[in-house]
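Q: A predicted structure for the sequence below; I have some questions about it.
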Amino acid sequence: ILNIEATNNNYAPVTVDVGSFKVTAIHDGHLDLPTWFLAQHENDCELNTEATFHLDVNAFLVRSSTHNLLIDAGAGGKMGPDVNRLVPNLAKIGLTPDDINFILCTHIHPDHTNGLINTDNTPIFNNAQIFVHQTEIDYWLTDKQYALAPADLRYVYDWAREAFTPYAGRTEAFTRGLILPGIEALPLFGHTPGHSGFQIDGGGNKQLIIWGDAVHRIAIQSRDPDISAQADVNQDDARASRRALFDRVATDDVLVTGMHMSFPGFGRLRRKGVGYDYFAEH
């Protein structure tokens, strides 16, 4: 099957084994976005035939023998009725927020970090240590950047501050490299200045790359990796990161997934012409 985005209409958590790790896709809900959200080529008919497209919002639970780790925390309760399902979906596999030891953030956008807090801005994850790239902290959480932000986007900065303030004493910055045993941060800058993916290394050739928001619509962007998203802070850098990433995962035959892949999103890329075909798994 070529360029088909996998779907799981029940949105039940889906688990894959990556060596000694168990990685579970957790559905937080979806957003309906206008097609202009993807930077379009004028002659791209497929992009222009729909008024909106369905965008799943996913998070990933990584379990080892010693810890429960979340990669991203979902959109929380401030982004409408079709998201904020992370906690009840965690309950389906017998976990509560208090069972989470670590949360790794791919970047600070509200559909990834608003889920750190309740609607009254109290923390949801009472026992979790938060990891986020230093450049993300500098870009979203400093007074200097807030002053430079366009007025119509300052709510995003406000939401970022609200999400991270309750975790001020337990937030750790990283730049790149090993975060925890077997889990490495990958620089995928462009979507945001410190946007990061994470490689789960289960030993040998058992690997999974969770690529965050490097991709928003795999069926289109696999065919043409230069199609970018309007939310990319730097589209040129995002395109360069995506092309390098696609080349790597196709060359090494690495299992991949992401926060906006059609749930659960696990799959592989194969080269085809100047682009790639995406093969869904699970």
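A: That came in fine, so what should we check first?

Q: tally of neighbours for Asp247?
A: For Asp247, the number of neighbouring residues by other Cβ atoms under 10 Å comes to 14. Any C-beta I mention is one placed from the backbone N, CA and C, and that applies to glycine too.

Q: any idea how far it is from Gln221?
A: The span separating Asp247 from Gln221 equals 14 Å under the rule Cβ to Cβ, to the nearest Å.

Q: same deal with Ala163?
A: With distances defined as Cβ to Cβ, the gap from Ala163 to Gln221 amounts to 27 Å.

Q: what about those two, which has more around it?
A: Set side by side, Ala163 and Gln221 show unequal neighbour counts under other Cβ under 10 Å, the larger going to Ala163 at 27 against 22.

Q: ranges for the helices of the stretch 1-150 of the chain?
A: With DSSP state H, counting those that start in this stretch applied, the stretch 1-150 of the chain shows helices at 45-48, 86-91, 110-113, 134-140, 143-148, listed in chain order.

Q: what's the longest one packed up against?
A: With contacts taken as 3 or more Cβ pairs under 8 Å, 6 or more residues apart in numbering; DSSP states H and E, helix 134-140 sits against helix 154-164, strand 171-174.

Q: give me the contact list for it.
A: Here helix 134-140 makes contact (Cβ atoms under 8 Å, 6 or more residues apart in numbering) with 105, 107-108, 145, 156-157, 160, 171, 173-175, 189, 192-195.

Q: below-threshold pLDDT in this protein: ranges please.
A: For the chain, the stretches flagged by pLDDT under 70 are 1-9, 39-50.

Q: name the single longest helix found in it.
A: helix 235-252 (DSSP state H).

Q: from the chain's centre, how far out does that helix sit?
A: Between the centre of helix 235-252 and the centre of its chain there are 16 Å (Cα atoms, centre = their mean, to the nearest Å).

Q: list the buried residues in it.
A: By neighbour count on 16 or more other Cβ atoms under 10 Å, the buried set for helix 235-252 is Gln235, Asp237, Ala238, Arg239, Ala240, Ser241, Arg242, Leu245, Phe246, Val249, Ala250.

Q: could you check how far Ala168 is from Asn118?
A: With the distance defined as Cβ to Cβ, Ala168 ends up 17 Å from Asn118.

Q: which one of these two is surrounded by more residues?
A: In this view Ala168 and Asn118 are compared by other Cβ under 10 Å, and Asn118 has more residues nearby, 14 against 9.

Q: give me the nearest residue to that one, chain neighbours excluded.
A: Nearest non-adjacent residue to Asn118, counting by Cβ to Cβ, 6 or more residues apart in numbering: Ile124, 6.0 Å away.

Q: show me the contacts for the one you found.
A: Listed by Cβ under 8 Å, 6+ apart, the contact set of Ile124 reads Ala73, Val87, Pro97, Gly115, Leu116, Ile117, Asn118.

Q: check contacts around the fifth one.
A: What that stands for is Leu116. If you count contacts by Cβ under 8 Å, 6+ apart, Leu116 has them with Ala73, Gly76, Ile103, Pro123, Ile124, Phe125, Ile130, Ala163, Phe164, Pro166, Tyr167.

Q: buried members of those into PyMOL, please.
A: To isolate the buried subset of the contacts of Leu116 in PyMOL, counting by 16+ other Cβ under 10 Å, use the following:
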select buried, resi 73+76+103+123+124+125+130+163+164+166+167
